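Enquirer: Attaching a predicted model along with its sequence, questions to come.
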Amino acid sequence: MHITLRQVEVFTEVLKSGSTTQASQVLALSQSAVSAALADLETQLGVQLFDRVGKRLVLNEHGRLLYPRAVGLLEQAGEIEQLFKEDNGAIRLFASSTIGNYLLPGMIAAYRRDFPALPLELSVGNSQDAINAVADFRVDIGLIEGPCHEPDILSEPWLEDELVVFAAPDAALLQQPITLESLAAAPWILRERGSGTREIVDYLLLSHLPQFQLGMELGNSEAIKHAVRHGMGISCLSRRVITDLLEAGTLVEVNVPLPRLTRTLYRIHHRQKHVSKALQRFLAYCRE
């Protein structure tokens, strides 16, 4: 059976209009095309939907059975058309932890104020997790804390971010001049391997030290900043992560003898992924 929406539409319009002539005018089809579509539908179903009384078409028991279902089917088809005209598909994002926990909440809130009903799914992990999710098409787009070198993934600069070294106010490091040697002697509390923050800290900061003492690795920035606050070592994270504790005085920034530590945050998507209008609209909020 190959019933078409056009045949169903012709049936409902003939019923409403009362004749194939009137229906053809409404549907902008020839009368013969309307008659043929109705005849094809009846052939597909194996029943007559109208009794032919002279030149009149009178709905019979089969037509009455079909009509409410036909109307429901056309309404659903119209909803599908409208859905994609407005491009309201669900957006699936994967963000590395700093971005997902500290940057995106405000951006998503602004987006939600204007589009409260649009579905949006956010997953948070480290940068490698985000890259894997994009590569496997489990998400539409990724937001990560360093460049991506996978050949099948397009990586575009998104935002600039500043990294700062920080310590507890009474840290031993702060009782002496800050040098590369004193930084090397301090215990460092760092993100895990695979984290975008760890990759950048290794490159921009730790590579300049004669050596460094790894105190511990922790899987999220919240754990790190509170470990530092309790005097367990020093660390380097995005300024966005520790702004509240710097302002409260429970952490202090360490001025290191190196150029300003900045990094680029990146937006990634698969080369074969179509970036929809809905996704472009959300990314505009992210840029703002």
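Expert: It's in.

Enquirer: So what does residue 242 have for phi and psi?
Expert: Residue 242 has phi and psi values of phi -110, psi 10 when expressed as degrees, to the nearest 10.

Enquirer: and what of the one 5 residues further on?
Expert: Backbone geometry at residue 247, expressed as degrees, to the nearest 10, gives phi -70, psi -30.

Enquirer: Am I right that residue 266 is in contact with residue 157?
Expert: Yes - the pair residue 266 and residue 157 qualifies as a contact (CB atoms under 8 Å) at a distance of 6.2 Å. C-beta here means a position set from N, CA and C on the backbone, and glycine is covered the same way.

Enquirer: Settle it for me: which of the two has more neighbours?
Expert: Here residue 266 and residue 157 are compared on neighbour count by other CB atoms under 10 Å; more neighbours surround residue 266, at 24 against 10.

Enquirer: host element of the more buried one?
Expert: Assessed by DSSP states H and E, residue 266 sits inside strand 262-270.

Enquirer: Helix or strand, whichever it is, which one in the chain has the lowest mean pLDDT?
Expert: Among the helices and strands of the chain, helix 277-287 carries the lowest confidence by mean pLDDT, DSSP states H and E, at a mean of 83.

Enquirer: ok and that helix relative to strand 262-270, angle-wise?
Expert: Relative orientation of helix 277-287 versus strand 262-270 (axes from the mean of the first three to the mean of the last three CA atoms, to 10 degrees): 180 degrees.

Enquirer: So what sits opposite the residue nearest the centre of the chain in the bridge?
Expert: If you average the C-alpha coordinates of the chain and look for the closest C-alpha using CA atoms, centre = their mean, you land on residue 93, 2.8 Å from that point. As for beta bridges, residue 93 partners with residue 122, residue 141 under DSSP bridges.

Enquirer: show me what contacts it?
Expert: By CB atoms under 8 Å, 6 or more residues apart in numbering, the contact set of residue 93 is 104, 120, 121, 122, 123, 139, 140, 141, 142, 143.

Enquirer: measure it to residue 278 for me?
Expert: When CB to CB, to the nearest Å is applied, the distance between residue 93 and residue 278 equals 12 Å.

Enquirer: try residue 108
Expert: Plainly put, residue 108 is 14 Å away from residue 278 if you go by CB to CB.

Enquirer: So if I had to pick from those two, which one is more boxed in?
Expert: Between residue 108 and residue 278, counted using other CB under 10 Å, the more crowded position is residue 278 (20 against 17).

Enquirer: rewinding a little: flag every buried residue along the strand holding residue 266.
Expert: Buried residues in strand 262-270, counting neighbours by 16 or more other CB atoms under 10 Å, are found at 263, 265, 266, 267, 268, 269, 270.

Enquirer: Contacts only, for the third one.
Expert: Taking CB under 8 Å, 6+ apart, we find residue 266 in contact with 143, 144, 145, 146, 147, 148, 155, 156, 157, 158.

Enquirer: now with 7 Å?
Expert: With contact taken as CB atoms under 7 Å, 6 or more residues apart in numbering, residue 266 is in contact with 144, 146, 147, 148, 155, 156, 157, 158.
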